[in-house]
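K.L.:
heads up, no residue letters with this:
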């Protein structure tokens, strides 16, 4: 895991592909049924309850109850925002040996890709939380964007029953009240 001279010099001569970190500012979804959004909200409530259950006892010793709750809520919002906007995408063809479980001692690029994979997994729950909240906003009509008709429908549907799928595009603007 340590960066050594041999790994760096060999990588310079024979460079492999490294993944990227993309910045996301558009959420494309189709309107989900209310039962699915409620199910996702139940899972989100369980995740938040676990986070509060872990963080609250230690924060309660140092801060009053209201400040502890504010710190936890702020940390969850910041984490969810970072997870939504930053999307690490590793190159899964270059993860070392055994699917990323072992380091390739001659390549530095596999270290970067395994780091991106770890970051992708760490940000996964925050991405779930932010996308669940956006699905709720689309369901109640707060974050409705333009509707896009997708002509490709599911391959499970028969040819007679094909209807174009309607997608909601939610574009996040820095200051949406300026319009």
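P.N.:
Thanks, I have it. All figures in this text were calculated on a predicted structure; none of them were measured in a lab. Numbers count the residues shown, from 1 in each chain.
K.L.:
what's the distance between residue 59 and residue 104?
P.N.:
42 Å (CB to CB, to the nearest Å). All C-beta spots, glycine's among them, are computed from the backbone N, C-alpha and C.
K.L.:
Also residue 50?
P.N.:
Residue 50 is 36 Å from residue 104, by CB to CB.
K.L.:
same thing with residue 93?
P.N.:
Taken as CB to CB, the span from residue 93 to residue 104 is 12 Å.
K.L.:
May I ask you to name the longest helix in the protein?
P.N.:
helix 109-140 (DSSP state H).
K.L.:
average pLDDT across that one?
P.N.:
If you average the pLDDT over helix 109-140, you get 88.
K.L.:
One more: stretch 61-79?
P.N.:
91.
K.L.:
What residues of that stretch count as buried?
P.N.:
68, 69, 72, 76, 79 (16 or more other CB atoms under 10 Å).
K.L.:
Report the secondary structure element holding the fourth one.
P.N.:
Residue 76 is located in helix 65-85, with elements delineated by DSSP states H and E.
K.L.:
hang on, the earlier thing: let me know the closest of the buried residues of stretch 61-79 to residue 141.
P.N.:
Comparing these against residue 141 with CB to CB places residue 76 closest, at 24.8 Å.
K.L.:
how far away is the closest one from residue 60?
P.N.:
Separation of residue 76 from residue 60 (CB to CB): 17 Å.
K.L.:
And residue 46, by the same measure?
P.N.:
21 Å.
K.L.:
higher neighbour count, those two?
P.N.:
residue 60 (13 against 10; other CB atoms under 10 Å).
K.L.:
you'd agree that one is in a helix?
P.N.:
Yes - counting by DSSP: H, G, I helix; E, B strand; the rest coil, residue 60 is part of a helix.
K.L.:
More neighbours: which of residue 93 and residue 104?
P.N.:
residue 104 (19 against 10).
K.L.:
did I read that right, that one in a strand?
P.N.:
No - per three-state DSSP, residue 104 lies outside any strand segment and is coil.
K.L.:
Surely it touches residue 114?
P.N.:
No - taking contacts as CB atoms under 8 Å, residue 104 lies outside contact range of residue 114: 9.7 Å.
K.L.:
Report how many residues lie close to the nearest residue to residue 127 once chain neighbours are set aside.
P.N.:
Nearest residue to residue 127, sequence neighbours excluded (CB to CB, 6 or more residues apart in numbering): residue 83, at 4.4 Å. The number of residues packed near residue 83 is 23, by other CB under 10 Å.
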